[in-house]
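[1] any chance you can model this:
(one chain, ligands or ions: 1)
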Amino acid sequence: MHDSHIHLAMEPLKSNSDEIVHNFLQEGGKYILTQGTDIVDFNPNFELAKKYNMGGKNIIQVAIGLHPTYFEETTVLNNITEHIFEKSQKEIEKFKEIFEKKHNEISAIGECGLDYHQFSLNKTYSKDIKEQLKEVQKLMLKEEIHLALQNNLPMSIHSRDEVGQSECTEDILRIIAQEGKGQLIGSFHSYTGDIKYVNDILDLGFYIGFNAIITYKSGESVREILKKTPLERILFETDGPFLPPQSVRKNKKIRNKFAQPSDIKEIMQVASEVKGVSFEKLKEITDENYQKVFL
Ligand SMILES: [Zn+2]
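    You can find the predicted model right below:
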């Protein structure tokens with residue numbers, strides 16, 4: 001059992017990490033890939049890995065990357081509307097410096113990718129602001145792909161479109177095909193886009209990461225994507241603290257609802273029904289997938 005995409009450095013996971021890691025190991029969990037999203041959460045992730053990998057264990061792997069919404073957060077959401085592209089380039093340089101120093105401690109590049117969904121939420125942005133944010137996201141993705149190739153690292157890709165559109169997915173697929181030269185591997189984490197792109201993702205050699213969305217009533221389209229994805233390309237993830245599984249969501253006694261790595265068990269139980277395969281077999285194959293991609 002593995003969790004290929006979680007943010008262990010985010011609260012409430014970080015403050016409860018002892019209990020959370022313990023719960024996961026109790027359930028038979030093996031590996032956790034914790035993802036960095038901004039420059040501030042890289043160090044806490046490295047520290048968590050050090051803590052739980054003590055004594056030669058290899059439970060926690062670390063990915064670092066800049067989440068595509070990072071550039072919006074550090075500019076427009078901070079009331080900076082001038083020179084967005086140039087300011088964001090400086091953040092990319094900072095990232096590259098950290099990467100150079102820490103690359104020996106990194107198992108993957110992530111969370112990275114493109115997010116145009118943010119424009120569905122903020123419809124007041126001018127065309128110019130939108131274009132600058134899109135351009136800087138693409139630049140960052142290309143830089144991350146180059147680092148992945150140079151250092152032989154997999155990627156954890158975030159792809160989220162504006163409602164009813166596919167531009168974001170199409171841009172990512174094109175950039176990976178052009179820049180990755182058929183040599184990149186990684187996970188399309190929490191892919192909720194159009195099912196018609198699933199074959200393109202698989203053709204690129206990528207895996208698809210499934211989380212608790214498949215346990216939700218509203219998760220039908222993602223269960224369809226799961227049906228279409230061969231067992232040899234499936235990874236599991238919680239995206240914790242986000243996306244608690246259905247049993248937590250509907251439990252009125254739990255006030256603070258969040259996802260943690262032990263929730264993978266519930267996600268896999270649903271997945272084994274959807275795929276018509278035993279839990280044990282699913283576990284065996286998907287743990288091998290994790291090992292191939294991230295270890
Ligand atoms: Zn995430």
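
[2] give me the buried positions along the helix or strand of the chain with the lowest mean pLDDT.
    One helix or strand of the chain scores below all others by mean pLDDT, DSSP states H and E: helix 118-121, with a mean of 87. Neighbour counts over helix 118-121 (16 or more other CB atoms under 10 Å) mark Q118, F119 as buried. Where you see a C-beta, it was placed from the backbone N, CA and C, and this is true even at glycine.

[3] report the distance from it to the chain centre.
    Centroid separation for helix 118-121 versus its chain: 19 Å, with CA atoms, centre = their mean, to the nearest Å.

[4] what about the strands in this structure?
    2-6, 31-35, 60-64, 108-115, 155-160, 186-189, 207-210, 234-236 (DSSP state E).

[5] next, format those as a markdown table and append mean neighbour count.
    Below are these laid out as a markdown table (neighbours: other CB atoms under 10 Å):
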| stretch | mean neighbour count |
| --- | --- |
| strand 2-6 | 29 |
| strand 31-35 | 28 |
| strand 60-64 | 26 |
| strand 108-115 | 27 |
| strand 155-160 | 27 |
| strand 186-189 | 29 |
| strand 207-210 | 26 |
| strand 234-236 | 25 |
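
[6] could you export those as a markdown table, including distance to the ion and mean pLDDT?
    A markdown table is the format used below for these (distance: least, CB to the ion, whole Å; pLDDT from 0 to 100):
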| stretch | distance to the ion | mean pLDDT |
| --- | --- | --- |
| strand 2-6 | 6 | 98 |
| strand 31-35 | 6 | 98 |
| strand 60-64 | 10 | 98 |
| strand 108-115 | 5 | 97 |
| strand 155-160 | 6 | 97 |
| strand 186-189 | 6 | 98 |
| strand 207-210 | 9 | 98 |
| strand 234-236 | 13 | 98 |
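
[7] so which of those gets nearest K253?
    Minimum separation from K253 across the strands of the chain (CB to CB) falls at strand 2-6, 23.6 Å.

[8] for that closest one, packing partners?
    Strand 2-6 makes packing contacts with strand 31-35, strand 186-189, strand 234-236, helix 279-294 when contacts are defined by 3 or more CB pairs under 8 Å, 6 or more residues apart in numbering; DSSP states H and E.

[9] and the helices in the stretch 151-295 of the chain?
    167-180, 198-203, 220-228, 246-249, 264-275, 279-294 (DSSP state H, counting those that start in this stretch).

[10] on that earlier part again, between the helices and strands packed on strand 2-6, which one is closest to E11.
    Here strand 31-35 is closest among these (CB to CB), at 13.6 Å.

[11] quick one: the closest one to strand 155-160, angle?
    60 degrees (axes from the mean of the first three to the mean of the last three CA atoms, to 10 degrees).

[12] can you name the residues in contact with strand 31-35?
    With CB atoms under 8 Å, 6 or more residues apart in numbering as the contact definition, strand 31-35 has outside contacts at 2-9, 21, 24, 45, 48-49, 58-65, 107-108, 110-111, 156, 261, 287, 290-291, 294-295.

[13] so how far is that strand off the chain centroid?
    Strand 31-35 sits 10 Å away from the centroid of its parent chain (CA atoms, centre = their mean).

[14] what does stretch 109-117 give?
    8 Å.

[15] CA atoms of it as CSV?
    What follows is stretch 109-117, C-alpha atoms only, in CSV (Å, rounded to 0.1, in the frame of the first residue of the first chain):
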residue,chain,number,x,y,z
ILE,A,109,9.5,16.7,-9.0
GLY,A,110,6.1,17.7,-7.8
GLU,A,111,3.7,19.1,-7.3
CYS,A,112,3.9,20.7,-10.7
GLY,A,113,1.8,21.2,-13.9
LEU,A,114,-0.8,23.7,-15.1
ASP,A,115,-3.9,25.0,-13.5
TYR,A,116,-6.4,27.0,-15.5
HIS,A,117,-9.2,26.2,-13.1
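
[16] next to the ion, which bits of this structure? Give me the list.
    When proximity is defined by CB under 5 Å from the ion, the chain lies next to the ion at E111, D239.

[17] alright, I will stop here.
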